[in-house]
Structures are given as structure tokens and as C-alpha cells.
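**Q** sequence and predicted structure below; questions after.
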Amino acid sequence: MEFSIKQSILKEELGYIQGVVERKSTIPVLSNILIESLGEGSIRIVGTDLDVTIRCDAEADIKKPGAMCVQARKLFDIVRTLSDGDVHFKKEENEWVEMKAGRAKFRLAGVNKEQYPEIPIFKSAPMKLSADVFNYFIQNTAFAITNETSRFTLSGAKFVIDGEKARMVTTDGHRLAFIEKTLDAKTDAKMDALIPKKALLELVKISRSESGDVSFGEDQNHIYFETGGRLLITRKLTGNFPNYEMVMPKDNDKKVVFDLSDMKNAVRRISLMADERNRSIRVTVRDGEVEVTAQSSEEGEGAEVVPADYTGEEVMLGFNHQYLQEFLNNVGALESASVSDAAEEGESNGEGAATARAKDTGTPTRISFEFKDSNAATQIRIDGETAYDYKYIVMPLRI
């Protein structure tokens, strides 16, 4: 096989695939990507970890058709250091790959294509949903997915389309995120599936630059998402998702409304004084204000008052501050930054690794807590009318 491709194109497509390639796998071939020729004018690049697969098609000048498998991370690291221009690849007889760009020349170890796992055959994708809607759904729910691998049915999102509405629900057993949107046009299409968290985050990456629709479909074991010449295939999660409707509070008769940025900043500051073991903070609601407090027997205490719209008896609510922070950091519109970029930022500042950033552009500024008392679940939502029915339910923390 021999072909040439623009550095900018190759860098972009390799970037999309990095997230699914296994770096430390018991199956060494999974650290490689498969590159195949498609006719005379394009190549197909495939990466997989056997659960999630991404396939990208890109323009290229094919001089000799064929296929090659090369180490994914090393290739990406090299390509992103190259200058703009053409990158030339030539496969040698011993599976090694010669790569040239400008005055630079590399030889990369390859493996035989026959060792690469067989990719699920792409089925039809009869359903469509706006990429913006998908990204908004994932942005506002993925952070509530459990990180405990033993809780298999909770390690993804329940995604439902019933012909009139699309819905996504996630939970880790302590909190629940629910979002629903009425479809612009009724459809006969129906789906009820559990989508793994990794697939959701990769879907955001491959679709965030697209302004159109994401086409999707399913078979017995897989779900297929297609957008902008890129295809994501994921295995479905199996098992029964909890009855989330039973968790949603029905009799929360008290409500406090406050500014999103005020509360986000207060929680971020005061949580620094929370006990590291239980991560607890107190939110005391009283006339005209909400007081956020935290204390640690070893390190001290902190308190901050946030102005709020509330009239009624004083109520003290207890929260795991991480659960509250992740909602406040994610609620609202997507910023142009990718989920992966934001995850790296979140790890550095103590936020959850799955979070993505929400900034002022389009972000709602008023948030409401709806509650009954300190022993019942609190329902948090964007105050006022929005295009989405979005609810975040947090179980109380005894403090």
C-alpha cells in the first residue's frame, strides 16, 4: 500500500480515534489502527477496543491500494509535530511502514491486517437527531454515570426515543440526571437502549464540529452513530436500568432560586474546607439567602452566603459537594471546548473527570432547588422555561 495525505486532515482524523485505542491492552493489536484504501481518492482509518469502534474516512491520493496496521499513539504523536503539507506512506513487505514528510523520514513497526479484529458490519441508521441535541443531552447527564465497574447497568445512559420525545437518564445510585426533549417532527422510530459512558464521550468528540444531524440505528448487540463521514459503533450494555421514575420527587413543596455563577463559585470555594472522607457541605436555606458551609475537624471551616429568592421556614440540606459541583459545572450550553479537553482541566482543578465546561454563552443564570425537607431528595433544575425538561435529583446526605 502507498498513499499521500494532507497533514491537517490526518491529524484531525487520528485525533478522533485516539480515545478508543487501548494503550495498555492484554491484546497488543488493539494499540494499532487499521488504514485501508477506498478507491483512488480516500482512505478509511479504524480504531477499536472491541467495545467501541470509530471509523473515519478521509481524502487521500492512493498510489497503490491495500491496507496497513500501525501503532496509533506513536503515529499521532509524530503527525501532530509535522508542518503543513503532504505526508507520504509506503508499506514494506515485512509489514513495516515508511513515512515521509518534508525532510523527515520515519519507519514504523506494523502488524499484519489479519491480526486486526473484525469490525461489526455497519447496519442502517434510520433515525436522526440533531448533533446539538445529542451533545446537550450528554453534556448534562454523563457526569452522573457511575465509575464503579461492578455496577454494570449503571455504567452508561438509558437513551429512549418513543416517536415524540427523546430522553436520556443516568444515575450512580446516589444522584440521577434526567433530560427530555420533544422532537420537532414526530417519527415512527423507537429505541430503548443502554449506551456506555465511553461511547457517549467519544460521540461528543466526533460530532461537536458538525452542525447537522447524527444518524443512528441498532441491531441486537450494537448501536451505530454516523456523522460527517465518521462512524461510531458501540456495544450495548445489558441488564435492567433502575426504575428512575420512582426516584423523582412528587411532593417537593419548597423552592429556592439563585444565580448559577454565584452558587458555583461559593461551592467551589467552601468545598475546599469539606471533610475529605464524606465530602459533605451544608446548604442552609432561609429568607432571601442560601448559606453554604463546610468544616473539617482537622483543617477548619468555611461559610459563604448566596442571595436567593426564598420565603419560608429555614431548612438545612446536606450534599456531597462533588455531586453539586458537577451539576453546576455542566448545566447549560456546551462551550466549543471538547469533553476530553475539559476532562483534563477538571482533573487538574478537582472537578469530576467526565465534566465538560459550561460558560456564559447561552448558559442559564438561574437555578432552582426544589425540596420537601432535609431528609428527602432535592430536585435541581434550570429555573424558567427551556427547550429541555432537565432534572437533577440528589439524595440527601446526613450531616
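**A** Thanks, I have it.

**Q** use CA for all of it now, contacts and neighbours both
**A** Noted.

**Q** quick one: mean pLDDT for the strand or helix carrying His88?
**A** Using DSSP states H and E, His88 sits in strand 86-91. Here strand 86-91 scores 96 as its mean pLDDT.

**Q** what's the first helix or strand after that strand?
**A** Following strand 86-91 in sequence order, the next helix or strand is strand 97-101 (DSSP H and E).

**Q** what's in contact with that following strand?
**A** 68, 70, 82, 85-92, 105-110 (C-alpha atoms under 8 Å, 6 or more residues apart in numbering).

**Q** pop the domain breakdown of the chain in here.
**A** Here the domain parsing of the chain from automatic domain parsing is 2-115, 127-244, 248-394.

**Q** right, and those domains - which one's nearest Ile121?
**A** Of all these, domain 127-244 sits nearest to Ile121, with 9.4 Å by C-alpha to C-alpha.

**Q** quick check: end-to-end length of that closest one?
**A** 25 Å (C-alpha to C-alpha, to the nearest Å).

**Q** counting neighbours, what do you get for the closest residue to Leu34 other than its chain neighbours?
**A** Using C-alpha to C-alpha, 6 or more residues apart in numbering and skipping residues adjacent in sequence, the residue nearest Leu34 is Cys69, 4.6 Å away. A count of nearby residues for Cys69, using other C-alpha atoms under 10 Å, gives 27.

**Q** can you check Ile54 too?
**A** 29.

**Q** contact partners of the strand holding His88?
**A** Residues contacting strand 86-91 (C-alpha under 8 Å, 6+ apart): 1-7, 68, 97-102.

**Q** let me see the contact set for the nearest residue to Asp172 once chain neighbours are set aside.
**A** Leaving aside its sequence neighbours, Asp172 sits nearest to Thr146 (C-alpha to C-alpha, 6+ apart; 4.4 Å). Contact analysis of Thr146 by C-alpha under 8 Å, 6+ apart lists 154-156, 171-173.

**Q** please indicate which of those residues are buried?
**A** 154-156, 171-172 (16 or more other C-alpha atoms under 10 Å).

**Q** ok, back up a step: surely the residue nearest to Leu34 and Ile33 touch.
**A** Yes. Between Cys69 and Ile33 there is a contact under C-alpha atoms under 8 Å: 5.5 Å.

**Q** where does this structure have its least confident helix or strand?
**A** helix 339-349 (a mean of 38; mean pLDDT, DSSP states H and E).

**Q** C-terminal to that one, what's the next element?
**A** Helix 339-349 is succeeded, C-terminally, by strand 366-371 (DSSP H and E).

**Q** partners of that next one, with directions?
**A** Strand 366-371 sits in its sheet next to strand 254-259 (antiparallel), strand 378-382 (antiparallel), going by DSSP bridges.

**Q** for the ones you listed, which one sits closest to Ala125?
**A** That would be strand 378-382 among these, by C-alpha to C-alpha, at 32.8 Å.

**Q** tell me which helix or strand comes right after the closest one.
**A** strand 389-394.

**Q** what is that next one packed up against?
**A** Judged by 3 or more C-alpha pairs under 8 Å, 6 or more residues apart in numbering; DSSP states H and E, strand 389-394 is in contact with strand 175-182, strand 378-382.

**Q** pick the most deeply packed of these.
**A** Across these, averaging neighbours per residue (mean count of other C-alpha atoms under 10 Å) puts strand 378-382 on top, at a mean of 23.

**Q** who touches that one?
**A** 248-249, 252, 364, 366-372, 390-396.

**Q** average pLDDT across it?
**A** pLDDT averaged over strand 378-382 gives 95.

**Q** quick one on the thing from earlier: can you put the domains of the chain in JSON lines and add distance to Ile121?
**A** Listed next are the domains of the chain as JSON lines, based on distance: least, C-alpha to C-alpha, whole Å:
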{"stretch": "domain 2-115", "distance to Ile121": "11"}
{"stretch": "domain 127-244", "distance to Ile121": "9"}
{"stretch": "domain 248-394", "distance to Ile121": "28"}
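
**Q** weakest of those domains in terms of mean pLDDT?
**A** When I compare these, domain 248-394 is least confident, with a mean of 82.

**Q** centroid residue for the protein?
**A** Leu201 (2.9 Å; C-alpha atoms, centre = their mean).

**Q** and stretch 231-249, what's buried?
**A** 231-237, 241, 248-249.

**Q** repeat that for stretch 316-323.
**A** Buried residues in stretch 316-323 (16+ other C-alpha under 10 Å): 316-323.

**Q** pull the most distant pair out of those residues.
**A** Between all members of these, the farthest pair (by C-alpha to C-alpha) comes out as Met316 and Gln322, at 17.9 Å.

**Q** OK, contacts around the closest residue to Ala109 other than its chain neighbours?
**A** Residue nearest to Ala109 in three dimensions, not counting chain neighbours: Trp96, with 4.7 Å by C-alpha to C-alpha, 6+ apart. Contact analysis of Trp96 by C-alpha under 8 Å, 6+ apart lists 107-111.

**Q** ok, now with 10 Å
**A** 68-70, 90, 107-112 (C-alpha atoms under 10 Å, 6 or more residues apart in numbering).

**Q** over to Ile78?
**A** With contacts defined as C-alpha under 10 Å, 6+ apart, Ile78 is in contact with 11, 106.

**Q** now the angle from the helix or strand that contains it to strand 97-101?
**A** In this assignment (DSSP H and E), Ile78 forms part of helix 72-79. Between helix 72-79 and strand 97-101, the angle comes out at 20 degrees (axes from the mean of the first three to the mean of the last three C-alpha atoms, to 10 degrees).

**Q** alright, calling it a day.
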